[in-house]
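In: just the structure for this:
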Amino acid sequence: MAKIPRIAVVGSANIDLTTFTDRFPKPGETILGQKFNLGFGGKGANQATAAKLCGAAVFMVARVGGDLFGPATIDNFKKIGIDATHVKQVEGVSSGVAPIFVEPSGQNRILVVKGANDELKPADVDAAADLLKAVDCIVLQFEIPLETVYYTVAFARKHRIRCMLNPAPAQPIDFNAVSDLDYFVPNESEAETVIGMPVKNVEDAKKCAEKLLGYGIRRVIITLGANGSLLAGKDGMEHLPAFPVRSIDSTGAGDAFIGSFAVFLGEGLPEREAVRRANLYAGLSTTGIGTQKSFYDRARFDAEWAARSQS
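Out: Numbers count the residues shown, from 1 in each chain. Next up is the predicted model:
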């Protein structure tokens, strides 16, 4: 039986407000959407959910608002089986929300209002220190203050805990603060924003990954959507293709990749196989609507993997 990884996500929790439309409106234009979906989201919460559904013991460190979404978000964590001891409400502040617009192709555009996520501070990481010291991996994103991200990376480095950072939403960063990071996992647009060079294909991704490795990051994984992902380290680079799926909504696919990859790696699988499995898990997430609602549980995923892994 595989080891059960212990994963902590220090990050965001949002409410996703997803609208499906034939096309995006032009400036100043009002159009009618096709349908609407409300669900629990936020990159941190999504990654935590994917990890839990894949079989890990998951712990969330986050802040939610003093509005009606706050208690509902905490209850959702508990329902999923995620430890929400360190998820606290902040009075007088709204919960984070993410209006999402999806075209028929599955392509999406997302606007994030961070709200209470901005209230997650380094002191809150210290308050969860005993918990964090006992996990196998800490997962981070950029929907919380950068100072908290940097502080947590330093905490993980000090205590020799594996740390994964998803630089989303993308923004310029202090690479000195993330040097010696175990895994830096952007998608194409995030990599382009962070590093300042175009990432339009696998060759571009290789050049970008080489530059990121030059900052002292140990491993870089650039997710490439329908093109799979690029795994890069000082020992070389490899493009691992995606598995064919019928995509209807790509929202949350990157979160599905990161949460599942943390689990597969934590179970002791070889890194390359962990990436391949995460490619499939992320791809399968795009066959359903929404983020957490579209994520597969481990039994469904294992059945898909058994059927597809020889391809």
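In: all helices of the stretch 101-250 of the chain, in order?
Out: Along the stretch 101-250 of the chain, the segments classed as helices by DSSP state H, counting those that start in this stretch run 122-127, 129-132, 146-158, 188-195, 202-213.
In: mind putting those into CSV with mean pLDDT and mean neighbour count?
Out: For every residue, glycine as well, the C-beta is placed using N, CA and C. As requested, the helices of the stretch 101-250 of the chain are exported to CSV (pLDDT from 0 to 100; neighbours: other C-beta atoms under 10 Å):
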stretch, mean pLDDT, mean neighbour count
helix 122-127, 97, 15
helix 129-132, 97, 14
helix 146-158, 97, 19
helix 188-195, 93, 20
helix 202-213, 94, 18
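In: and those helices: which comes nearest residue 26?
Out: With C-beta to C-beta, the closest approach to residue 26 among these belongs to helix 188-195: 21.8 Å.
In: verify the stated contact: residue 9 with residue 139.
Out: Yes - the pair formed by residue 9 and residue 139 meets the contact definition of C-beta atoms under 8 Å, at 4.7 Å.
In: what's the span of stretch 74-87, first residue to last?
Out: Counting by C-alpha to C-alpha, to the nearest Å, you get 7 Å between the two ends of stretch 74-87.
In: same check on stretch 166-182?
Out: Per C-alpha to C-alpha, the first residue of stretch 166-182 is 12 Å away from its last.
In: do the same with stretch 127-147
Out: 16 Å.
In: likewise stretch 5-20?
Out: Stretch 5-20 has an end-to-end distance of 36 Å (C-alpha to C-alpha).
In: burial of residue 128, as a residue count?
Out: 18 (other C-beta atoms under 10 Å).
In: on that earlier part again, want to throw the helices of the stretch 101-250 of the chain into a markdown table with distance to residue 116?
Out: Output for the helices of the stretch 101-250 of the chain, formatted as a markdown table (distance: least, C-beta to C-beta, whole Å):
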| stretch | distance to residue 116 |
| --- | --- |
| helix 122-127 | 11 |
| helix 129-132 | 20 |
| helix 146-158 | 13 |
| helix 188-195 | 23 |
| helix 202-213 | 31 |
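In: I'd like to know which of those helices is closest to residue 25.
Out: helix 188-195 (21.1 Å).
In: quick check, distance from the closest one to the centre of its chain.
Out: Between the centre of helix 188-195 and the centre of its chain there are 15 Å (C-alpha atoms, centre = their mean, to the nearest Å).
In: and for stretch 38-48?
Out: Using C-alpha atoms, centre = their mean, the mean C-alpha position of stretch 38-48 is found 9 Å from that of the whole chain.
In: flag every buried residue along that stretch.
Out: The neighbour-count criterion (16 or more other C-beta atoms under 10 Å) identifies 39, 40, 41, 42, 43, 44, 45, 46, 47, 48 as the buried residues of stretch 38-48.
In: same deal with stretch 105-119?
Out: 106, 108, 110, 112, 114, 115, 116, 117, 118, 119.
In: please consider this matter closed, and thank you.
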